[in-house]
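Asks: Take a look and give me a structure for this.
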Amino acid sequence: QTSDPNHATSGFSTDCVTCHTTSPGWTPATINHDFFPLTQGHDLQDCTQCHTNGTYAGLSPECVSCHQSDYDQTSDPNHATSGFSTDCVTCHTTSPGWTPATINHDFFPLTQGHDLQDCTQCHTNGTYSGLSPECVSCHQDDYDQTNDPNHLAANFPTDCAACHTTNPGWTPAEFDHDGQYFPIYTGKHREGEVWNDCVECHANPTSYADFTCFTCHGLNETNNDHSDVNDYEYVSTACLQCHPDGNN
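Replies: Predicted coordinates for the structure are as follows:
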């Protein structure tokens, strides 16, 4: 005859001492609910808040079986349109209000300049799925507007990580000029700080494939140094051909 809850329809054990003592009126009564811990936001005194319609047996332990409406109505960010998992414990604990929430973002580490608290700074227009991990997909404007040196005019690669880390402000940046082209960070072309800006050698800002040696190496001096060199010509590409490592 017990109706709160209905023991018979709920399939409760008839071993009364599982939940009751011999106290008059059967109270207080306790039930071992360790199969689904009633902690934090689940610390409820009214069984019917979860066990609606008097249903106790055969309920799913999946969060979304009770919290589908929470999932559907969440807008910051919109879980449904973003394709978020319905396995709530992936990001949430049972804390009231679902906070704090954490997401494993290791597939795109949120370090340094990417250590953002507002998801919408990267996930504009409420888009969370299918985004490109390529830097330029978010940083095309940074690339286009950079002028020291002008990345767009110089046709630099749009793979930002080739030179930059995720440090705020993009600095320090490292370009392997020595290994790929010509030693300017080591040897004679770094000694005494002989250059300060890219334009000292790359006078044509629209193409860094063009370069000149003659900002520093004047005609008369260079001619005198090569007076005994066959087929010498005062041309920058010829300088590189004979002096690929910048040495005499």
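
Asks: got a list of contacts for stretch 21-33?
Replies: 16, 18-20 (C-beta atoms under 8 Å, 6 or more residues apart in numbering). Backbone N, C-alpha and C define where each C-beta goes, glycine included.

Asks: could you redo the residues you listed as TSV and give each row pLDDT, neighbour count and distance to G113?
Replies: Listed next are the contacts of stretch 21-33 as TSV, based on pLDDT from 0 to 100; neighbours: other C-beta atoms under 10 Å; distance: C-beta to C-beta, whole Å:
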residue	pLDDT	neighbour count	distance to G113
C16	94	13	63
T18	90	12	57
C19	91	15	56
H20	93	15	60
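
Asks: so where's this structure shaky on pLDDT?
Replies: In the predicted model, the chain carries pLDDT under 70 at residues 192-193.

Asks: So P77 sits against Q121, correct?
Replies: No: checked against C-beta atoms under 8 Å, the pair P77 and Q121 is beyond contact range at 11.9 Å.

Asks: Give me the more crowded residue out of these two.
Replies: The neighbour count for P77 versus Q121, taken as other C-beta atoms under 10 Å, is higher for P77 (15 against 10).

Asks: From G25, how far off is the nearest residue to the more buried one once chain neighbours are set aside?
Replies: Distances taken as C-beta to C-beta, 6 or more residues apart in numbering place C119 nearest to P77, at 5.6 Å, with adjacent residues excluded. From C119 across to G25, the span is 52 Å (C-beta to C-beta, to the nearest Å).

Asks: which phi and psi does the residue lying closest to P100 once chain neighbours are set aside have?
Replies: In space, and not counting its chain neighbours, P100 is closest to T93: 7.8 Å by C-beta to C-beta, 6+ apart. Torsion angles at T93 (phi, psi; degrees, to the nearest 10) stand at phi -100, psi -170.

Asks: cool, and N78?
Replies: According to degrees, to the nearest 10, N78 has phi -70, psi 110.

Asks: Surely it touches N125?
Replies: No: taking contacts as C-beta under 8 Å, N78 lies outside contact range of N125: 10.6 Å.

Asks: Since that was my last question, I'll sign off now.
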